[in-house]
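In: give me a 3D structure for the following:
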Amino acid sequence: MSGLFQELKRRNVFKVGTVYVVLAWLLAQITDVFLEPFGAPEWVIKTVLLLLIIGFPLALLFAWAFELTPEGLKKEKYVDRSKSITHETGQRLNLAIIFILILALGYFAVDKFILEPGRHLETGEVAAQPVAEKEPAKEKSIAVLPFVNMSSDPEQEYFSDGISEEILNSLAKIKKLKVAGRTSSFAFKGQNQDLRQIGDTLGVEHILEGSVRKSGAQVRITAQLIQVDDGFHLWSETYDRELTDVFAIQDEIANAILAQLKTALLEEGSIEVTVARTNSEAYDLYLLAKQRMYERTGPTIQSALELLDRAIAIDPDYAPAYAQRGIATLLLKEGSGSYGEIPLAQALSQGKVYLDRALALDPELAEAWAGLGLYHGSRPLGTEEAIEALRKALSMNPGMIDASNWLHNALQALGRPAEAHQVVSGMVERDPLYRPGIRNMVNSYATFGQYDAALAFVARVQPLIPNDATILSSLSAIHAEQGQVAQALQEVEKAVALQPSNSVARLSRSFLWMASHQLERAADEGEEFTRVAALALLGRAEEASLLAYRRADEQADVGGLLYFLNQAGRSPEAVAYIEQRWADLDALERDFPPYAGQGYFMMLEVALAYSRTGDEKRFEDAMARMRRVGDDLQAQGVDNPTFFMSEAAYHSLAGNVDAGLEWLDRAVTRGFVAATPRIAREWPALAALEGDPGFELIQQRMIEHLNAERAELGLDPVEA
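Out: Here you go, the predicted structure:
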């Protein structure tokens, strides 16, 4: 080995290598400085650097194989050792090294003390230009991709997902940091997609990715923060710890990211985030339960409930487990929009116990306040309290997508569709693939007649979740609003087949059975909400009466009961029901405000009942309340067929036949189809329009449209 070293030294290989490295570095610096200002493409600079790297081994090989002689370059094996001048060549190379080093030091001095201040001066001049010429500051934003499970057991994937989500939740608490929602970030799980494409899809500047390896009581977590536009790694770290330290690791990762993003973010000094501590086994169960809950099916939520019970048994003071236990119980209640069969009263009672315990342990726990909002929103007459609790939760953690969704629903329940639209728009911006948000965004667009925007929104998210029940249900809702009953019914039936537990899709199917005049199916197979009307219209009055009274008592569906009583010609019974429970219509309205952007249907039934029983004062009072709501919804920009029908009914009751016909015409033109051949059979408030020639023409147009849709479904035509 020493002989080889001496031979390399004799042939000046080391000196040639030194000269080459220094000279290549100098050329690289000059290339970077002089080519970039001339707008040279990035590949030119990269090509020069690549050639310099490739040239290094070639230079060493050349120095070994050739020797400089008085006669010129010769292969070393042909040179007589007694006449070799490698010693003289080595001295020349020493001089060359010294000369090139002087040049390099000179370049460094010029760049540091002359060129760089000039660059700073240019930056200062740009900064001194008018504000209008500056680029607006970008919103700080990040997506946390699901960490890869590197454990030997694939079943441990819930743990790596849970760690990712906990870091996401910690970052989401920073109000000036936009954090992509869990559903959308996790949609890229297992996909080796380009980070720029992911960043564009989620609308974020930075991405956090990593891996988790869990082995016994040890865990290794690797994380790296990447800038989307150029793929630059801003920060990376590996943590080898005991499982009991997993909370500290999450804190360190979240705070390290905030340190990297703190420019123009932390105006009030430093911010630190922490996660709640517990026993490692309890935490393991908690993470697994949360992943099960995100699947949003009855069986998985039931499984989560059992896991949370085990976590609480291990650590009776772990507040997040109580909060999720309360939420899981409420999600398992019976009824539309839920996933189980727990009677409402039982679910409310049990859920509240767990949520109260969570808040007693940690009054600042955002997920507990969100759960309290879900509780109030689920109980009859609790909408105002729901909004208060949900706003509190979002003030603590703006990234809580579930809380945003429940707030949207509560605002809709109070007849504030414009506010609800703002909430759901912000929600899908953070988490465009969150399924309840997708359907609610579509419904919100439809409320304002923005069908093209609704279709464009679905088209944007559909490629990421193709053949999905929520996508099909959403498309069905858009087509149903435009009167495309056949297409809408076919789409929603596919949605229910894909996900039978999707109660929203099942309810949509029930409405579409009624719109296509399949009342028997709606009465026998449909959701309870529509069964009362279907039974009443079929003349099955006793069944309708029993169901309507039960729903009024158990689920506060008073509107359904009043509709049935008016439909059955029992308006005096409706008046008696109202006056036994509410001293006046102020009290009734406090309990039952107008819902969403469709009109005040509860008050429509009240007005109709008082009109038929001759109580002019109460009738006028109810009509004034309807008018106020109608004017408010028009001011908010509401524009949909159901609202048009509400206005037609109001004007018909008020005796304004021309206005009633005008609103009815708008509804039918937009695609409205009544559930009965005669429109006034389903809508008794329109009885004053019957017999008018204009009404009959509108009636006939609706029947023609209905029969065209029934033909697409293979159904026989109906007659008015």
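
In: flag every buried residue along the helix or strand containing residue 284.
Out: Per DSSP states H and E, residue 284 falls inside helix 280-294. Using 16 or more other CB atoms under 10 Å as the test for burial, helix 280-294 gives 280, 282-294. C-betas here are computed from N, CA, C, even on glycine.

In: ditto for stretch 697-708
Out: 698-699, 702-703, 705-707.

In: and stretch 439-453, by the same measure?
Out: 439-451.

In: next step: these restricted to strands.
Out: Among those, no member falls in strands (criterion: DSSP state E).

In: check the residues you listed and tell me the two furthest apart.
Out: In these, two members sit farther apart than any others by CB to CB. They are 439 and 449, at 17.5 Å.

In: walk me through the domains of the protein.
Out: 2-127, 141-260, 296-373+383-391+414-515, 565-712 (automatic domain parsing).

In: quick one: which of these is nearest residue 551?
Out: domain 296-373+383-391+414-515 (9.8 Å).

In: just the endpoints, please. Distance across that closest one?
Out: End-to-end span of domain 296-373+383-391+414-515 (CA to CA, to the nearest Å): 29 Å.

In: quick one: mean pLDDT over it.
Out: Mean per-residue pLDDT for domain 296-373+383-391+414-515: 93.

In: just to revisit the earlier point, adding distance to residue 197, write the buried residues of stretch 697-708 out as CSV.
Out: Shown next, in CSV, are the buried residues of stretch 697-708 (distance: CB to CB, whole Å):
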residue, distance to residue 197
698, 50
699, 53
702, 47
703, 50
705, 43
706, 45
707, 47
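
In: which among these gets closest to residue 298?
Out: Nearest member of the buried residues of stretch 697-708 to residue 298, counting by CB to CB, is residue 706, at 35.6 Å.

In: about what we covered before: dump the domains of the chain into CSV; add distance to residue 557 as well.
Out: Conversion of these to CSV gives the following (distance: least, CB to CB, whole Å):
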stretch, distance to residue 557
domain 2-127, 63
domain 141-260, 31
domain 296-373+383-391+414-515, 10
domain 565-712, 10
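
In: deepest-packed of those, please.
Out: domain 296-373+383-391+414-515 (a mean of 21; mean count of other CB atoms under 10 Å).

In: which strands or helices does the helix holding residue 284 pack on?
Out: Helix 280-294 sits against helix 157-172, helix 246-260, helix 298-314, helix 319-331, with contacts defined as 3 or more CB pairs under 8 Å, 6 or more residues apart in numbering; DSSP states H and E.

In: of all these, which lies closest to residue 339?
Out: Here helix 298-314 is closest among the helices and strands packed on helix 280-294 (CB to CB), at 4.5 Å.

In: and that closest one, what does it pack against?
Out: helix 280-294, helix 319-331.

In: ok, which stretches of this structure are strands?
Out: 66-69, 72-75, 141-144, 148-149, 178-179, 206-215, 218-227, 233-242.

In: which residues sit against the fifth one?
Out: With CB atoms under 8 Å, 6 or more residues apart in numbering as the contact definition, strand 178-179 has outside contacts at 139-144, 168, 171-172, 203-204, 399, 430.

In: what is the neighbour count of residue 279?
Out: 15 (other CB atoms under 10 Å).

In: excluding its backbone neighbours, what's nearest it?
Out: The shortest distance from residue 279 to any non-neighbouring residue, by CB to CB, 6 or more residues apart in numbering, is to residue 315 (4.7 Å).

In: find the nearest non-adjacent residue to the most centrally placed residue in the chain, please.
Out: Nearest to the mean C-alpha position of the chain, by CA atoms, centre = their mean, lies residue 431 at 2.0 Å. Nearest residue to residue 431 in three dimensions, chain neighbours excluded: residue 181, at 2.3 Å (CB to CB, 6+ apart).

In: surely that neighbour and residue 429 touch.
Out: No - taking CB atoms under 8 Å as the definition, residue 181 is not a contact partner of residue 429, at 9.2 Å.

In: just curious, which of the buried residues of stretch 439-453 is nearest to residue 576?
Out: Once CB to CB is applied, the member of those that ends up nearest residue 576 is residue 447, at 34.4 Å.

In: state the distance from the closest one to residue 693.
Out: 33 Å (CB to CB, to the nearest Å).

In: which parts of the stretch 501-650 of the chain are helices?
Out: Remark: helices assigned in the stretch 501-650 of the chain by DSSP state H, counting those that start in this stretch are 503-515, 519-525, 528-537, 541-555, 558-567, 571-581, 585-591, 601-613, 616-636, 641-653.

In: would a markdown table of those with distance to residue 21 be doable?
Out: Output for the helices of the stretch 501-650 of the chain, formatted as a markdown table (distance: least, CB to CB, whole Å):
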| stretch | distance to residue 21 |
| --- | --- |
| helix 503-515 | 67 |
| helix 519-525 | 80 |
| helix 528-537 | 78 |
| helix 541-555 | 80 |
| helix 558-567 | 83 |
| helix 571-581 | 91 |
| helix 585-591 | 83 |
| helix 601-613 | 82 |
| helix 616-636 | 71 |
| helix 641-653 | 77 |
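
In: out of these, nearest to residue 417?
Out: Nearest of the helices of the stretch 501-650 of the chain (CB to CB): helix 616-636, 6.0 Å.

In: what's the angle from the closest one to helix 601-613?
Out: 150 degrees (axes from the mean of the first three to the mean of the last three CA atoms, to 10 degrees).

In: and helix 616-636, how far from the chain's centre?
Out: 36 Å (CA atoms, centre = their mean, to the nearest Å).

In: list of residues touching that helix?
Out: Against helix 616-636 from outside (CB under 8 Å, 6+ apart): 415, 417-418, 585, 589, 594, 597, 599-600, 603-604, 606-607, 610-611, 643, 646-647, 650, 653-654.

In: setting aside sequence neighbours, what's the nearest residue to residue 715?
Out: residue 516 is the one closest to residue 715 (CB to CB, 6+ apart), at 6.9 Å.

In: residues touching that neighbour, list them.
Out: So residue 516 contacts 485-486, 489, 673, 706, 709-710, 713, 715 (CB under 8 Å, 6+ apart).

In: please report how far it lies from residue 676.
Out: Residue 516 is 12 Å from residue 676, by CB to CB.

In: what sits against the nearest residue to residue 407 once chain neighbours are set aside?
Out: Leaving aside its sequence neighbours, residue 407 sits nearest to residue 390 (CB to CB, 6+ apart; 4.2 Å). The neighbours of residue 390, taking CB under 8 Å, 6+ apart as the test, are 369-370, 373, 377, 403, 406-407, 410.

In: now do residue 559
Out: Contacts of residue 559 (CB under 8 Å, 6+ apart): 592, 601-602, 605.

In: which among those residues gets closest to residue 638?
Out: Distances from residue 638 to the contacts of residue 559, taken by CB to CB, are shortest for residue 601, at 13.8 Å.

In: for that closest one, give me the pLDDT.
Out: On the pLDDT scale, residue 601 gets 94.

In: next one: it from residue 409, what distance?
Out: Distance from residue 601 to residue 409, by CB to CB: 18 Å.

In: picking up where we left off before, looking at the helices and strands packed on helix 280-294, which is closest to residue 564?
Out: helix 319-331 (28.4 Å).

In: okay, angle between the closest one and helix 280-294 too, please.
Out: 30 degrees.

In: which other helices and strands does helix 319-331 contact?
Out: helix 280-294, helix 298-314, helix 344-361, helix 366-378.

In: am I right that the residue nearest to the centre of the chain is in contact with residue 180?
Out: Yes - between residue 431 and residue 180 there is a contact under CB under 8 Å: 6.6 Å.
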